[in-house]
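# Here is my input; please provide its structure:
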Amino acid sequence: MSFNAAETAAVSRLATLALEEDLGDNGDLTSEAIIPADLDGRAVLVARTSGVVAGLPAAEYCFHAVDAALAFSPRVADGSLLQRGTQLATISGRMRSILIGERTALNFLQRLSGVATQTWRYTSLVADLPVQILDTRKTTPGWRVLEKYAVRCGGGHNHRMGLGDGILIKDNHLAALNSAGAWSPDHAPDAVAEAVRRARQLVGTRFPLEIEVDNLTQLDVALTVTPDIVLLDNMSLDDLREAVRRRNGVAPKVKLEASGGVTFATLRGIAETGVDRISVGALTHSAVALDIALDYLA
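Residues are numbered from 1 along each chain as shown. So this is what the prediction gives:
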């Protein structure tokens, strides 16, 4: 996998900030004191543990932002499975430049590879089932585009990138609409149906329309107004199975998405209920950085 225009723009903004933060006003004092300015060398990025790599284009960008003359040569592609000791890429050129870019490049690579690895661990548990594993908007501020790229590297799917990419009516929207009590008597006196009606009126079919429900009664109402997706929030396995049964009988084209407290231990059981999608905030908010290092090559 490689970066698209949005991902390249995101890493450009973030790398600029990160390098400014790292270099400060005085630059790399250690390298300036120890390393001759004209000394060339080579280094290699190495996985210290197994996982899935993501972010090699970001690492390359960081090194080139420091010194455009550095040569960055990938040895694997983003999305590849790594074993301990796998060499990811080599960097050659001025050693001062390599050392200046090292930490910033590793920060990107370790974080994004951690998200890809976390996603792969989830998707691997249900790889034999017809269900999609999706991320959420529970991302590091400013890093969303890159973290969602890493989710795809790990075999996951992206939910909305942001609020403008689709309708997702959640419990707080319904609570606010209920408190307003402003819908016409010509429409069903129920916030679920009214919310879907208003959303469809605004966007038509230009954007996906999804609504969150907490129970089967709300689901029954939602199915009568046929949103594109119904989000089943924190439902028991029995209720999820019943939700699938009801959907199949009333509105088979409506997709069902389960969410809420999904873990490695519960994922398989949720997927086996027959839902189409499972959204997992932990893909991004709980991912641990993958251990990757830069080693000097003599």
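
# quick one: contacts for the residue nearest to Val52 when sequence neighbours are not counted?
Leaving aside its sequence neighbours, Val52 sits nearest to Ala116 (CB to CB, 6 or more residues apart in numbering; 4.1 Å). Just so you know, the C-beta spots here come from the backbone N, C-alpha and C atoms, and that holds for glycine as well. Ala116 is in contact with 51-54, 78-79, 150-151, 153-154, 290, counting by CB atoms under 8 Å, 6 or more residues apart in numbering.

# and those as TSV, adding neighbour count, pLDDT and secondary structure?
Output for the contacts of Ala116, formatted as TSV (neighbours: other CB atoms under 10 Å; pLDDT from 0 to 100; DSSP: H, G, I helix; E, B strand; the rest coil):
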residue	neighbour count	pLDDT	secondary structure
Gly51	27	98	strand
Val52	24	98	strand
Val53	30	98	coil
Ala54	31	98	coil
Asp78	24	98	coil
Gly79	17	98	coil
Ala150	32	98	helix
Val151	31	98	helix
Cys153	25	98	helix
Gly154	28	98	coil
Leu290	25	98	coil
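
# which one of these sits closest to Leu177?
Among the contacts of Ala116, Val151 lies closest to Leu177 (CB to CB), at 31.3 Å.

# got the contact list for the closest one?
115-116, 119, 135, 157-158, 283-284.

# Now do it against Val203, distance only.
Going from Val151 to Val203 by CB to CB, to the nearest Å gives 25 Å.

# got the CA positions of stretch 119-132 in CSV?
Output of stretch 119-132 as CSV, limited to C-alpha atoms (Å, rounded to 0.1, in the frame of the first residue of the first chain):
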residue,chain,number,x,y,z
THR,A,119,-6.2,-4.4,13.5
TRP,A,120,-4.7,-7.5,12.0
ARG,A,121,-5.1,-9.3,15.4
TYR,A,122,-8.8,-8.5,15.3
THR,A,123,-9.5,-9.3,11.7
SER,A,124,-7.6,-12.6,11.9
LEU,A,125,-10.1,-13.8,14.5
VAL,A,126,-13.0,-13.6,12.0
ALA,A,127,-11.2,-13.9,8.7
ASP,A,128,-13.4,-16.9,7.8
LEU,A,129,-16.7,-15.0,8.4
PRO,A,130,-18.5,-12.5,6.1
VAL,A,131,-18.1,-9.6,8.5
GLN,A,132,-16.2,-6.3,8.2
